[in-house]
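[1] Okay, sequence plus prediction incoming.
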Amino acid sequence: MLDNLGNLERTHTCGELREEDAGSEAVLMGWVAKTRDLGNFTFVDLRDRYGVTQVVFAEAFSKEAHEKVKTLRGEYVIAVRGDVVEREGTHNPKLATGDVEVRAKELFILNTAKTTPFQLEVAGKENVVNEDTRLKHRYLDLRRKSLQDNLIVRANVLRKMRDYMDSVGFLELETPILLRSTPEGARDFIVPSRIQPGKFFALPQSPQILKQITMISGFDKYYQIARCFRDEDLRADRQPEFTQLDIEMSFANREMVFRVMEGVMASVFSLTGAEFEVPFPRMTYRDAMRRYGVDKPDVRFGMELQDLTGEFSDTDFAPFASVVESDGEIKCVVAKGCSGYSRKILDGLQDFVKRYGAGGLAWIKLEDGGTKSSLMKPLGENKISSLAEKAGAEKGDAVFIVAGRKSIVAASLGALRKEIAKNEDLIPDGVYKPLWVTEFPMFEYNEDTGNYDPMHHPFTSLMDEDIPLFKRAVEDGETDLLGQIRARAYDIVINGYEIGSGSIRVHQSAIQELIFKAQGLTKERAKERFGFFLDALEYGTPPHGGFAAGIDRVIMILCGTENIRDVLAFPKTASAQDLMMDSPGDVDKSQLDELGLSVTVDPEKNAGD
RNA sequence: GGAGUCGUAGUUCAGUUGGUUAGAACGCCAGCCUGUCACGUUGGAGGUCGCGGGUUCGAGUCCCGUCGGCUCCGCCA
């Protein structure tokens, strides 16, 4: 038989009572986390989102309550009225409320609960339950302290961002969720229109064009905490819908955008109390690729890539000679103290770099007993020693070498660097290393097609000093020059995560037309896709620029998790499903009819089990 | 689209070379217990070995397919 809440009000949360509250009466409400029945004494750990308080039941305090407590089970929702007393026996230092307990005079059972499909807390262990089970019962998973803490961090981050943006004069403007596709390269989620049958909205990949239009409208400083949607495959740090801190400002140069972003990030990271360097160090894209092999370097540790290509300019060793001839690279990383790596580990690392397209992984081990290398036979002891020396390796170290196309060498060694650092525990905890990556290329060489593809949306402006080169490339048809053109685009990278990116936008029609041309967009096609925006540009567009920061990733870093699902209340699985709601789901035929749609795929084909 | 890996009790896992009735811990249920906080203790219930097919006298174990979780490549700022 359940009790009614009636007029009962709680006086304290379950995380609140302290020694100085002893002597008062308290009414607590929450979930039964644990009962310990000792016969004449029964202890109940009562939990809410603020903490856990121990409630004691005994005949001496209330006969009725003591009998009733025997019927409690895990996750029942109860209210307790009782006296707060300092504990007689041992205090519990593990609980914030551990100096006191509540002696129950009255127990109200507000609701029962079925036995949960998994234990919410297993002593001393975190996330031991398979994720599909947890996702299916997300409402229970979210009762766990670690997830509640993460979502509280999330709320704090959002508040910090709003407070800061407001304090520096930015205006929070909302933009529609139902709009037209914006030109950003990812697949759109589309929504059919009932009133315009056969037409579709697209969910925003980002509010890019709309925020630029707010600049044209004169709002001057815009920001929004914007939900963005991209229908692409998921990753540990990527969901189909995610949240950005989106900003845009008029009459702004790069330095002004940098100052705003550094300010808001410093404000957010002040939540940690850890050191957070402002202004951020800067690194050009070119240097990032050269030194770290990636455009989002984790600079919390060293192990930079070393270039050994020059050592092989006149080598007889065919595999390396052909790499040098075809304008490839031979680079390496030095793994400190890893000369003891076994055959098995080396094979594992070889497989690892092959995922990134590397043909193989050569190694040198500077063991105490002598130097060993997979290249000993073809290159000889002298050459191996000089390579190790050139790489800066010392006794006890291992050197890993990849040869091949520049992009493959960078990708594989960049990933290997991080992999070894992880395995060897070289990455310090609780350290936040932000940096700006600047001077991104405007175009990316596409090895399949031989074309230069745009790396950004088409409203990204060029670096002033590259404009003459750009004009030559487009107007005189010297397309090979496109690879050298740099954009006024920049990323924030923290601890190896790309936190966000921004740029100074194009605001002049003449340059804009050249960029369309270079990106292979005809005037007609450009007009068709975003003519409204090109029109707007012609009515007095101020110079402007902005940034978008991925809030989920910021929160991941603050929470110390590598899994974006840990910072979202209701995330989707790697196959983009919600296991709790079982979405995406079917719709009634009548709904389709109303929209003038028919489904041509066999739904059974993709049906579960 | 591709690769790797996992799937056995409610949960986390073990399960030998293919061989009797598939085990453990936690959880759950019932009893005992005056100070527990990973309570203790006695007893009990609980299994479509993800699903489908095949090989075999015999499959949790071997083979093929398939579904699902996770990670990565492609994709995506």
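    Good, I have the coordinates.

[2] mind listing the strands in the stretch 51-200 of chain A by residue range?
    Using DSSP state E, counting those that start in this stretch, the strands of the stretch 51-200 of chain A run over A:51-58, A:77-86, A:100-111, A:171-172, A:190-192, A:200-202.

[3] In contact with the residue in the stretch 351-500 of chain A positioned nearest to RNA strand B, which residues?
    The minimum distance from the stretch 351-500 of chain A to RNA strand B, using CB to the nearest atom of the strand, falls at A:Met455 (4.2 Å). The way it works is simple: take the backbone N, C-alpha and C, and place the C-beta from them, glycine included. With contact set as CB atoms under 8 Å, 6 or more residues apart in numbering, A:Met455 has these partners: A:440-444, A:487, A:489.

[4] ok, of the residues you listed, which one's closest to A:Glu106?
    The closest of the contacts of A:Met455 to A:Glu106 turns out to be A:Ala489 (CB to CB; 64.5 Å).

[5] For that closest one, report the pLDDT, please.
    With respect to pLDDT, A:Ala489 has a value of 96.

[6] For it, name its beta-bridge partners.
    A:Ser503 (DSSP bridges).

[7] And for A:Glu25?
    A:Asp83.

[8] Based on its surroundings, how many neighbours for it?
    A total of 13 residues lie near A:Glu25 under the criterion other CB atoms under 10 Å.

[9] ok, back up a step: of the contacts of A:Met455, which ones also sit close to RNA strand B?
    By CB under 7 Å from any atom of the strand, the members of the contacts of A:Met455 lying near RNA strand B are A:440, A:444, A:489.

[10] could I get those as TSV with distance to A:Leu387 and neighbour count?
    Formatted as TSV, the ones next to RNA strand B among the contacts of A:Met455 follow (distance: CB to CB, whole Å; neighbours: other CB atoms under 10 Å):
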residue	distance to A:Leu387	neighbour count
A:Phe440	32	23
A:Glu444	32	16
A:Ala489	37	25
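
[11] so which of these comes closest to A:Val102?
    Out of those, the member with the shortest distance to A:Val102 (by CB to CB) is A:Ala489, at 58.6 Å.

[12] Surely that closest one and A:Ser501 touch.
    Yes: counting by CB atoms under 8 Å, A:Ala489 touches A:Ser501, with 6.5 Å between them.

[13] The residue of the stretch 351-500 of chain A closest to RNA strand B and A:Glu444, how far apart?
    According to CB to CB, to the nearest Å, A:Met455 stands 5 Å off from A:Glu444.

[14] do the same with A:Arg144
    Taken as CB to CB, the span from A:Arg144 to A:Glu444 is 43 Å.

[15] try A:Tyr341
    35 Å.

[16] before we move on, what about A:Ala526?
    20 Å.

[17] How about A:Val84?
    Distance from A:Val84 to A:Glu444, by CB to CB: 65 Å.

[18] Same question for A:Asp307.
    A:Asp307 is 22 Å from A:Glu444, by CB to CB.

[19] touching RNA strand B at all, stretch A:248-267?
    No: interface with RNA strand B: stretch A:248-267 contributes nothing (CB under 7 Å from any atom of the strand), its closest point being 13.5 Å away.

[20] For that stretch, buried residues please.
    A:248-250, A:252, A:254, A:257-258, A:260-267 (16 or more other CB atoms under 10 Å).

[21] And stretch A:28-41, by the same measure?
    Buried residues in stretch A:28-41 (16+ other CB under 10 Å): A:28-33, A:35.

[22] which residues are common contacts for A:Ala489 and A:Ser501?
    Between them, A:Ala489 and A:Ser501 have A:His456 as joint contacts when contacts are counted by CB under 8 Å, 6+ apart.

[23] Give me the below-cutoff pLDDT ranges for the stretch 101-250 of chain A.
    A:123-127, A:182-184 (pLDDT under 70).

[24] So which residues on it come close to RNA strand B?
    Residues of the stretch 101-250 of chain A lying near RNA strand B (CB under 7 Å from any atom of the strand): A:101, A:115, A:117-119, A:122-124, A:128-133, A:135, A:184-187, A:205, A:230, A:232-238.
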